[in-house]
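A.B. asks: give the three-dimensional model of this entry:
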Amino acid sequence: MGLTSTRNDFYRHHCLWENYPPIVTPRLRRLSTQPKCHNDHGFAKDISEEGYDKVYNMIYQQHDHRHGPWLKILQSAQNVLKGQTNVRILDIGSGPGGVAAMLASNFPNADVTSAHSTQKCVHWASNHFRDKHLSNVNTRLVPDIENLDAFGDASFDLVTCCYGLSSCKDPQRAVSEFHRVLKPGGTLL
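C.D. replies: Residues are numbered from 1 along each chain as shown. This next block holds a predicted model:
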């Protein structure tokens, strides 16, 4: 895996997502990409604050571009939310808010919540949204994605999660929480 760049092109990151295109079917209504790594302790708890910043900056730079995997999330969200109004979207493990900002700007009538387990990422995301003049997105500190008690049952039409599952101890429990906060007929990407 690596980055390639040319003078006339954006960075291209050959990540695992490119091998797994998004599949959204009326029956499954989920993104078919599976997490490819798991760490019993979560990488954010095992490295220094500077290392954490470096990892997030690297991920952000590699994925927030026209060839990045986040575009697949947007395309899938557009498919499943087509024709709906006043939708509520939750982005779990939002990091610096790239996906949440993309969704908020493409769904201006949606209420988007960007949730992360660290105050630093919540701060980064808040600044990101302010800089982009996005008023339909808010941030939330959620210390544990395996326990989303901060949100009521059936609260969201769409839940997205890019990397949050790779750093939690019990991904199945986290997915169960995602489904709990989804409205009936809601979608998990």
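
A.B. asks: every contact and neighbour count from this point should use C-alpha atoms.
C.D. replies: Will do.

A.B. asks: tell me the bridge partners for A115.
C.D. replies: Using DSSP bridges, the beta-bridge partners of A115 come out as I92, R140.

A.B. asks: give the contact list for it.
C.D. replies: By CA atoms under 8 Å, 6 or more residues apart in numbering, the contact list for A115 reads L90, D91, I92, G93, S94, G95, V122, T139, R140, L141, V142.

A.B. asks: flag the shaky bits of the protein, pLDDT-wise.
C.D. replies: 1-49, 52-53, 56-57, 60, 63-66 (pLDDT under 70).

A.B. asks: quick one, strands of it?
C.D. replies: With strands called from DSSP state E, the chain shows them at 3-4, 12-13, 88-92, 111-116, 137-141, 156-161, 182-188.

A.B. asks: tilt between the longest one and strand 88-92?
C.D. replies: Think strand 182-188. Orientation check (axes from the mean of the first three to the mean of the last three CA atoms, to 10 degrees): strand 182-188 against strand 88-92 gives 60 degrees.

A.B. asks: distance of Q61 relative to T113?
C.D. replies: 22 Å (CA to CA, to the nearest Å).

A.B. asks: show me which of these two is the more surrounded one.
C.D. replies: For the pair Q61 and T113, the greater number of neighbours falls to T113 (23 against 14), based on other CA atoms under 10 Å.

A.B. asks: verify the stated contact: the more buried one with V87.
C.D. replies: No. Using CA atoms under 8 Å, T113 is not in contact with V87; the gap is 11.2 Å.

A.B. asks: still on that earlier bit, and the contacts of A115, which two are the farthest apart?
C.D. replies: L90 and V122 (13.7 Å; CA to CA).
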